[in-house]
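1. coordinates for the following, if possible.
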Amino acid sequence: MKKTFRFVLHSLLALIITVGVLVGGFFFGEDIDPLTLSRVELSNGPKTVIFQQMAHIAHPRFYDTIAQDLERARGEGFVYYYEGVQPSQDPTRNTQLLSRLSKGTAPEIELRQFYQLMADMTGLVLQPQDRFTQPQDHNIDISVDDLFEQLPPAPTTSNASSAADIETIEKSLAEMTPSLRARVGHVLRNMVSGLFRLHPVLPSSKVLDMQLILHQRDHLLVESLKNGPSRIYVTYGAAHFPGVLQGLQAQDARWAVVKRTPIRIFQP
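-> A predicted model of the protein is given here:
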């Protein structure tokens, strides 16, 4: 059984590496042209917003750079707004949310556990939100309960991976040698980079309800920016930026991009 498992694992890794070289490594080589997200400065004249596009998993240096810039902005009088869906008091809702949003195609695990698995597979780290926040900061987001109130009924059947499948992946990663794990991580980073270059929202929109994930939260953030102080520093998922900019400009045509500063996501 153990030999069979290892054979299947090695075959899977060989497939990942082959596809990664063809799709990710060849066309979208991170070593040649690193993927970036931007720190975007917006202004309508009297008000300035710095919108830092965020990734939930990235190289530690990505988060170091943001933490340093946020500290600089605090010194200049900026108020910090950040995303973070608030958990439910019902623990079953927290574990079912990802599966319900994906119409039964994703496993029943908490979002943070899912992102941690992705970070482990790609050799990256999870977004350390507690490193950025202070008691006076503002969480601008909806809650798990808000989402559940708008979700369609749960599917009667599910194609999702089980918790046991997730544990098998985690065990497989732990059994890899450091060099093999580094190579697999490199290939997967190239694949993720390639998908996001094709379309930053498309990979998620094929399986998740983006109306709930994006548009409702975009509107909440736009209204908070409109009614907030004159200097605001925002960290929010990169996929939210187009909707937020459009929402601001719909209310005030003076809103415009003043400056963009790219930051590497997967490379130091």
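2. which outside residues touch stretch 260-268?
-> 30-31, 34-41, 55, 58-62, 65-66, 122, 124, 189, 192-193 (C-beta atoms under 8 Å, 6 or more residues apart in numbering). (Each C-beta comes from the backbone N, C-alpha and C, glycine too.)
3. and for stretch 116-129?
-> Taking C-beta under 8 Å, 6+ apart as the rule, stretch 116-129 contacts 54-60, 63, 82, 84, 109, 112, 115, 166, 169-170, 173, 181-182, 184-186, 188-189, 192, 266.
4. which among those end up buried?
-> When the contacts of stretch 116-129 are checked for burial by 16 or more other C-beta atoms under 10 Å, the buried set is 54-59, 63, 82, 109, 115, 166, 173, 181, 184-186, 188-189, 192, 266.
5. now stretch 63-70: mean pLDDT?
-> Average pLDDT, stretch 63-70: 97.
6. so for it, what gets flagged as buried?
-> Per 16+ other C-beta under 10 Å, stretch 63-70 contains these buried residues: Y63, T65, I66, D69, L70.
7. okay, stretch 231-241 in PDB with CA atoms only?
-> Provided in PDB are the C-alpha atoms of stretch 231-241 (Å, rounded to 0.1, in the frame of the first residue of the first chain):
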ATOM      1  CA  ARG A 231      -6.300  60.300   4.200                       C
ATOM      2  CA  ILE A 232      -7.000  56.600   4.100                       C
ATOM      3  CA  TYR A 233      -4.700  53.600   3.600                       C
ATOM      4  CA  VAL A 234      -6.500  50.500   2.400                       C
ATOM      5  CA  THR A 235      -5.300  46.900   2.100                       C
ATOM      6  CA  TYR A 236      -7.900  44.900   0.100                       C
ATOM      7  CA  GLY A 237      -7.800  42.000  -2.400                       C
ATOM      8  CA  ALA A 238      -6.500  43.000  -5.800                       C
ATOM      9  CA  ALA A 239      -9.700  41.800  -7.500                       C
ATOM     10  CA  HIS A 240     -11.700  44.500  -5.600                       C
ATOM     11  CA  PHE A 241      -9.700  47.500  -7.000                       C
END
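8. and that stretch, what's buried?
-> I232, Y233, V234, T235, Y236, G237, A238, A239, H240, F241.
9. got it, and stretch 41-54?
-> L42, N44, K47, T48, V49, I50, F51, Q52, Q53, M54.
10. the fifth one: what secondary structure?
-> Going back to what we said before, that points to V49. strand (DSSP: H, G, I helix; E, B strand; the rest coil).
11. okay, and the beta partners of the nearest residue to it once chain neighbours are set aside?
-> Of all residues not flanking V49 in the chain, L42 sits nearest, at 4.5 Å (C-beta to C-beta, 6 or more residues apart in numbering). Beta bridges link L42 to V49, V257 when assigned by DSSP bridges.
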